[in-house]
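Novice: okay, sequence plus prediction incoming.
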Amino acid sequence: MDLGKLIAKGSEAEIYSNEDKIIKFRNRKDYRIKEIDEALRKERNRREARMLKKAREIGLPVPNVIKEEKDYFIMEKIDGKKAESSIETAKHIGEALAKLHNNGIIHGDLTPYNMIIRKNKYHIIDFGLSFFSNRIEDRADDLLTSYYSLREHEKTLFSSYEKNSKDGKEVVKRMEKIKGRVRYANDKGC
Ligand SMILES: Nc1ncnc2c1ncn2[C@@H]1O[C@H](COP(=O)(O)OP(=O)(O)O)[C@@H](O)[C@H]1O
Ligand SMILES: [Mg+2]
């Protein structure tokens, strides 16, 4: 199969662009035992495609999954520009994160790098680290990851999250606690 043009290469996956489609292909890892490697790639690939579909079902703008195979899936290409750290992005990330959490989904890496703006709509990509959970702790970790990429807009991020999330206050409180612990550890040079 002609995968198209390689446009990104992460530790987990290679991204190919082919006309109006994107192919996310999970790399073989030679340091893993072959059977384990195959099972892992298959599981992660399947999970990411499933999460994208789920996010779409709850009405979030994510790429449409077109085809799913063992170690790759094909999705709609979002032709737009990468979001950057701005008030507008912080507002959208807070909203999107709240909606995902309200539906039991943890994204795992919702930063401006994983948002593409097309026709003023903020699309969410990269569900490679996502999973299902309703735990406050997991939501707080998720929010903290977004915070680290949007530090200068934390007020906007947190207020947007709180406004839209069912347990917003509790999650923000927990996140502040984790954030404090991380800072304390860093100050002590741990
Ligand atoms: N559906 C898509 N439409 C347009 N570009 C995409 C799409 N999916 C991925 N990309 C591009 O490929 C890059 C890497 O994809 P991503 O899913 O974030 O992989 P990784 O897990 O390696 O971060 C993105 O930052 C983006 O530039
Ligand atoms: Mg990414």
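Specialist: Noted; the coordinates are in hand. As the structure is a prediction and not an experimental result, all values here were calculated from the model. Ligands and ions are numbered 1, 2, ... in the order given.

Novice: buried stuff in the host helix or strand of S159?
Specialist: If you go by DSSP states H and E, S159 is part of helix 154-164. Residues 156-158, 160-162, 164 are the ones in helix 154-164 that count as buried (16 or more other Cβ atoms under 10 Å). Glycine gets a C-beta too; all of them are placed from N, C-alpha and C.

Novice: and the residue of the chain closest to ligand 2?
Specialist: Proximity to ligand 2, evaluated over the chain using Cβ to the ion, is greatest for D126 at 3.7 Å.

Novice: ok, that residue touching M115?
Specialist: No. Here D126 does not reach M115: they are 9.2 Å apart, not a contact under Cβ atoms under 8 Å.

Novice: out of the buried residues of helix 154-164, which comes closest to ligand 1?
Specialist: Nearest to ligand 1 among the buried residues of helix 154-164: L157, at 20.0 Å, using Cβ to the nearest ligand atom.

Novice: check which helix or strand K29 maps to.
Specialist: With DSSP H and E as the test, K29 turns up in no helix or strand.

Novice: which one is it nearest to, not counting chain neighbours?
Specialist: D37 (5.2 Å; Cβ to Cβ, 6 or more residues apart in numbering).

Novice: give me the contacts around the host helix or strand of that neighbour.
Specialist: D37 is part of helix 34-57, with elements assigned from DSSP H and E. Applying Cβ atoms under 8 Å, 6 or more residues apart in numbering, the contact partners of helix 34-57 are 12, 24, 26-29, 32, 62-65, 68-73, 75, 100, 103, 105, 124, 127-128, 130-131.
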